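Colleague: sequence plus predicted model, see below.
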Amino acid sequence: MINKLRGKLPPEFLKEEVFSRLPLPSKDERVILGPAIGEDAAIIKLGDELLAVHSDPVTGGGKLAGWLSVYVASNDIATRGVRPLWLLPVFLFREGADESEILGLVDQVGEAAGRIGATVIGGHTEVTPKLGFNIVVTTAMGVGKRVLRTGDARKGDLIVMTKECALEGTAILSSELSERLTSEGLSREVLRRASRFIEEISVLEESMIAASFNGVHSMHDPTEGGILGGVQEMAFASGLGFRVYEDRIPIREETREVCRALSLDPLRLISSGSLLIAVERSKAEELVSAIERAGVRASIIGELIDRREGMIVLRRDGREEDASDPVLDELWRILGDQPAREGAAPDPKD
């Protein structure tokens, strides 16, 4: 039932109930791509150029919400093969937030924007009555001559993943649940290293390499729902199924320790920082080499198949797991079990 959900609304509910109530741009020829399941950004034709636009809220980022807001929104522009240029952040500060808390989040947005070469061209700030946690919502924009769509993946494409899975989730949990993780036996040094994963959340560099690469058909940013949710969205948008191999998905030791301590599945843990690429089978190894020459790890983790063959994860122990149902992110599950505290990420039920 919808009133018991956490995180993203299910695809079928979006299509049948939400989209049907909105004035979608079916007759506006300037809108090349509007709202669609699994698509990362809208595409609008402006003269000889294409404008990519995307908005994203960060509601579970806690003390890292400023960093994440920039990177998450900008990554969705980068997956189009477009460099993010302009940002409009909306800061909704919790009631009772002090100056240092407010300026800390503003500083995060400023530093993250500087790292990707984007500028802030507008936005909004307010202290919101009765809000118990800080929220940052950022709109990102960029222009290009050619863009990629999530839904253009093809049957037989191999799935390339960059970096390691669950970098974002590991950074958030090591920051928000440091005391609990310490009590579970994780060292302060492990938590310090894990919290620094926040510095690796941008996928701009590998996106630009992949976008210029012959044989790349689609890219997608696996955020909520983790790597598994991201692959599912790419397949759904393209009308395909998939087969993904757990033992081919790289995981850092810090992530293993955090997930082990909290009994989490890293494949279902929010994974900004990784990029999913659908590439022609014959070009996959060449693409991996090109990305790794830039100093970014890349791995072939699976393939896209006929939709009728299903959405399957082959687990390390040999089990075949059906992955066709909407993925509940492990972040929502674990944070929903924590007692509320000022400035913390919320229980998504509230």
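Modeller: Perfect, thanks for sending it. Numbers count the residues shown, from 1 in each chain.
Colleague: CA atoms for contacts and neighbours, from now on please.
Modeller: Fine.
Colleague: residues contacting residue 256?
Modeller: Neighbour list for residue 256: residue 266 [criterion: C-alpha atoms under 8 Å, 6 or more residues apart in numbering].
Colleague: residue 137 is in what secondary structure piece?
Modeller: strand 135-144 (DSSP states H and E).
Colleague: just checking, what packs against whichever helix or strand comes after that strand?
Modeller: Counting by DSSP H and E, the next helix or strand C-terminal to strand 135-144 is strand 158-162. Counting contacts by 3 or more C-alpha pairs under 8 Å, 6 or more residues apart in numbering; DSSP states H and E, strand 158-162 packs against strand 276-279, helix 284-293, strand 298-306.
Colleague: among the ones you listed, which is nearest residue 321?
Modeller: Set against residue 321 and scored by C-alpha to C-alpha, the helices and strands packed on strand 158-162 come closest in strand 298-306, at 14.0 Å.
Colleague: next secondary structure after the closest one?
Modeller: strand 311-314.
Colleague: partners of the very next helix or strand once past that next one in the sheet?
Modeller: Moving toward the C-terminus from strand 311-314, the next helix or strand (DSSP H and E) is strand 320-322. Here strand 320-322 has these sheet partners by DSSP bridges: strand 311-314 (antiparallel).
Colleague: can I get the CA coordinates of the partner strand in PDB?
Modeller: C-alpha atoms of strand 311-314 as PDB (Å, rounded to 0.1, in the frame of the first residue of the first chain):
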ATOM      1  CA  MET A 311      15.300  -9.600 -14.200                       C
ATOM      2  CA  ILE A 312      17.800 -11.800 -12.400                       C
ATOM      3  CA  VAL A 313      20.600 -11.400  -9.900                       C
ATOM      4  CA  LEU A 314      23.000 -14.400  -9.600                       C
END
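Colleague: for it, give the mean pLDDT please.
Modeller: Average pLDDT, strand 311-314: 98.
Colleague: and for stretch 283-297?
Modeller: Averaged across stretch 283-297, the pLDDT comes to 98.
Colleague: give me the buried positions along it.
Modeller: Counting neighbours by 16 or more other C-alpha atoms under 10 Å, one finds that the buried residues in stretch 283-297 are 284, 285, 287, 288, 290, 291, 292, 296, 297.
Colleague: got it, and stretch 136-155?
Modeller: Buried-residue list, stretch 136-155, by 16+ other C-alpha under 10 Å: 136-144, 147-155.
Colleague: swap in stretch 97-117?
Modeller: Under 16+ other C-alpha under 10 Å, the buried positions of stretch 97-117 are 97, 101, 102, 104, 105, 106, 108, 109, 110, 112, 113, 116.
Colleague: JSON lines for these, including pLDDT, secondary structure and distance to residue 318?
Modeller: Shown next, in JSON lines, are the buried residues of stretch 97-117 (pLDDT from 0 to 100; DSSP: H, G, I helix; E, B strand; the rest coil; distance: C-alpha to C-alpha, whole Å):
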{"residue": "97", "pLDDT": "94", "secondary structure": "coil", "distance to residue 318": "49"}
{"residue": "101", "pLDDT": "95", "secondary structure": "helix", "distance to residue 318": "47"}
{"residue": "102", "pLDDT": "97", "secondary structure": "helix", "distance to residue 318": "49"}
{"residue": "104", "pLDDT": "97", "secondary structure": "helix", "distance to residue 318": "46"}
{"residue": "105", "pLDDT": "97", "secondary structure": "helix", "distance to residue 318": "44"}
{"residue": "106", "pLDDT": "98", "secondary structure": "helix", "distance to residue 318": "47"}
{"residue": "108", "pLDDT": "96", "secondary structure": "helix", "distance to residue 318": "43"}
{"residue": "109", "pLDDT": "97", "secondary structure": "helix", "distance to residue 318": "43"}
{"residue": "110", "pLDDT": "97", "secondary structure": "helix", "distance to residue 318": "46"}
{"residue": "112", "pLDDT": "96", "secondary structure": "helix", "distance to residue 318": "41"}
{"residue": "113", "pLDDT": "97", "secondary structure": "helix", "distance to residue 318": "43"}
{"residue": "116", "pLDDT": "96", "secondary structure": "helix", "distance to residue 318": "41"}
